[in-house]
Structure formats: structure tokens, C-alpha cells
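**Q** everything below, folded, please.
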Amino acid sequence: MKKILLAATAALFLFGAAGCKEKNNVYPKKGVTMICPWGAGGGTDAILRAVCSTAEKYLGTTITVENKTGGAGSIGFRAIKDAKPDGYTLGMITFELNSNPWQGLQDFTYEAYDPLIMVNTDAATITVKADAPYNTLAEFVDYCKAHPGKVNIGNSAPGSVWHIAAGLFASEAGIDVKHVPFEGAAGAVTAVAGGHIEAVSVSLAEVKSQLDAGNVKVLAIMDSKRPEAYPNIPTMKECGYDVEFGTWRGIGLPKGVSAEIKAVLFDAFTKAMKDENFIKTAKNLNQNVTYMDSEVFATYLKNNYEGTGATMKQLGLTN
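**A** Numbering: from 1, shown residues only. All right, here's what the predicted structure looks like:
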């Protein structure tokens, strides 16, 4: 009888251990795909790859970033929204998710997703070619006024955050400029460095490599304070223009992902956001780490959507 009880106990122990092991390994069983709605080399792509490479060690599987560009981000946003809700396809949602609907560029809003976490925020800059004939924002404004309708300011897409940033600046400065769209910030920055356009209104992170190479110069940043790594760059407010504006980026899931899988992803990416290696990488990229959990991010999305609509109406950018 004693032997039978011991055998039964051993069997129960082995079954329980196996059961626990199976339960802990239900997800993930394979690699995860992370969709980036913007082009390789831009700020969104850079920060997304940084957080994903860090999150891999906490998630216990590979995370492959896949760039799906076009339609001012709407192609990538739709791919995330329409993905199978099994936790193996998610993506980065950005400011344009909240601006595209106001232009009729997409028939869905932030409500089509389950927000996971906010990753970062970045202010816009006004950046020009290094040998441009203006060295201050005031000189650039004077140049624009002397050449009405002829100065080209590049952005990442029509109605994108960088388009709106340039529109706010132009409105505040009272200048008439042409807004030139690109499929992502990287192309716009390359164009200004090559002298094909006069300026860009993208983030500091997105002009960093060209700035460090001496190919461009940043006249001002639309932030509340000067950037720590570049203290010589003045804020827009210091230059006499009351403009603070920038983008946000976060991770979103298609609706319907189970609570258990959400919890695993939330834990992995939250740990990644707090990881010293990620924080160091973000700093090197000149990107601001701005963490929000799922609940706070959801509230932020709603408020930002409504505020963005009001701003776009003011600038005449709505459909």
C-alpha cells in the first residue's frame, strides 16, 4: 500500500510539474512580428527596434520589426488592426493614428486597438542645410517673408505630426511656405541635407546623424526646454514663438487579444522600458523615454485625438 501511495504521489507530482511547465509556455511559442508604419531609418523605426531588441530577453522569443509604409501611416495602422488577435502580430501606433481620421485618410480611430504602453514623445525642430544663408530662426523667418510661397518645408506625410508642426510654426510666424510630404522623416532629412528643400520640421532624433555629420543645423526646437545633448539649440519660445509640439509613439494590439497574453506582453515591454540598455540607447538616439501603462495610455489617446482634431481644424487641415 505504501509503495502504491508513493507511486501515485510521484505520478501526481510529475503530472503537476508537466502541467505547470505547459501553462507557462503557452505563449509565446514562436517569434513575434512588430509592425512599423513608417520607413526604416526614421525616428519611429529607430526607437521601435531599440525597445524590441531589449524586450526579446524578457519575452523569451525573437521580435521581428516589419516596415509597412504608405498612406501617412494608415497602411501599417490597418495591418496592426486587422492582424489575428493571437499576440503574434502587434505594432507601433503613432500620432498620425489620431490625425488621419480627421483628413478622411482612414475609416478607423484609436478605438480599434488595445493600447499596451506609451514608449516615447519627441518635439519637432526647424532644421535647415548647414550652409543655408540663415543661422537663426529669426533670419529664417525673414527669408521666408522675403520669398513668400517659395520656401519648402519637408515633413513625413500630408497631415502628419511634422506637417502640423510646420503649419503651427508658419501660422505663428506669419509666413507663407510650401509643405512637402515624404514617406517618413528619413527621406525629408536626406532632402534638406542635399539642398533639395529649404527646411524640415521633424524631430531632433531624426536629424541627429546629419547634424552630427555637419550637414544640417537646427534653428529651434518646439519643446519646453533645450535638449540636454545640444544645449545651443534654443526653444521656439525663446525665439519669440509660443509653439510646443511633437509626436508620441506607443505599442498597440489588435482588439481581441486575451488578457493572459496581454499580461505577458505588458510585463516584457514594461521591463524593457526600464532596462538600462534601452534607456541608454534612447538617449543616444536623442529620443525621450515616456512610459505610460495601458490604462493611462488609453486615456491619453482619447484626449490627444480630440485635441488633434481641434488643432487641425484651426489650421484648415481637416477633410
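**Q** which stretches of the protein have low pLDDT?
**A** Segments of the chain classed as low confidence (criterion: pLDDT under 70) are 1-25.
**Q** what are the ranges of the strands in it?
**A** Remark: strands assigned in the chain by DSSP state E are 32-36, 63-67, 89-94, 113-123, 125-129, 152-155, 178-181, 199-200, 216-221, 246-254, 288-292.
**Q** as JSON lines, these with mean neighbour count and distance to residue 107 would be great.
**A** The C-beta positions use only the backbone N, C-alpha and C, and glycine is treated the same way. Output for the strands of the chain, formatted as JSON lines (neighbours: other C-beta atoms under 10 Å; distance: least, C-beta to C-beta, whole Å):
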{"stretch": "strand 32-36", "mean neighbour count": "21", "distance to residue 107": "19"}
{"stretch": "strand 63-67", "mean neighbour count": "16", "distance to residue 107": "23"}
{"stretch": "strand 89-94", "mean neighbour count": "26", "distance to residue 107": "16"}
{"stretch": "strand 113-123", "mean neighbour count": "23", "distance to residue 107": "14"}
{"stretch": "strand 125-129", "mean neighbour count": "27", "distance to residue 107": "32"}
{"stretch": "strand 152-155", "mean neighbour count": "24", "distance to residue 107": "23"}
{"stretch": "strand 178-181", "mean neighbour count": "17", "distance to residue 107": "21"}
{"stretch": "strand 199-200", "mean neighbour count": "31", "distance to residue 107": "30"}
{"stretch": "strand 216-221", "mean neighbour count": "23", "distance to residue 107": "35"}
{"stretch": "strand 246-254", "mean neighbour count": "23", "distance to residue 107": "16"}
{"stretch": "strand 288-292", "mean neighbour count": "18", "distance to residue 107": "26"}
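**Q** against residue 189, how distant is residue 117?
**A** 27 Å (C-beta to C-beta, to the nearest Å).
**Q** what's across from the residue lying closest to residue 234 once chain neighbours are set aside in the sheet?
**A** Leaving aside its chain neighbours, residue 234 sits nearest to residue 220 (5.5 Å; criterion: C-beta to C-beta, 6 or more residues apart in numbering). Counting by DSSP bridges, residue 220 is bridged to residue 126.
**Q** quick one, what contacts residue 220?
**A** 125-126, 137, 233-236, 238-239, 241 (C-beta atoms under 8 Å, 6 or more residues apart in numbering).
**Q** which among those residues gets closest to residue 37?
**A** residue 125 (21.5 Å; C-beta to C-beta).
**Q** could I get the contacting residues of the closest one?
**A** 200-204, 207, 218-222, 233.
**Q** I appreciate the help and will end here.
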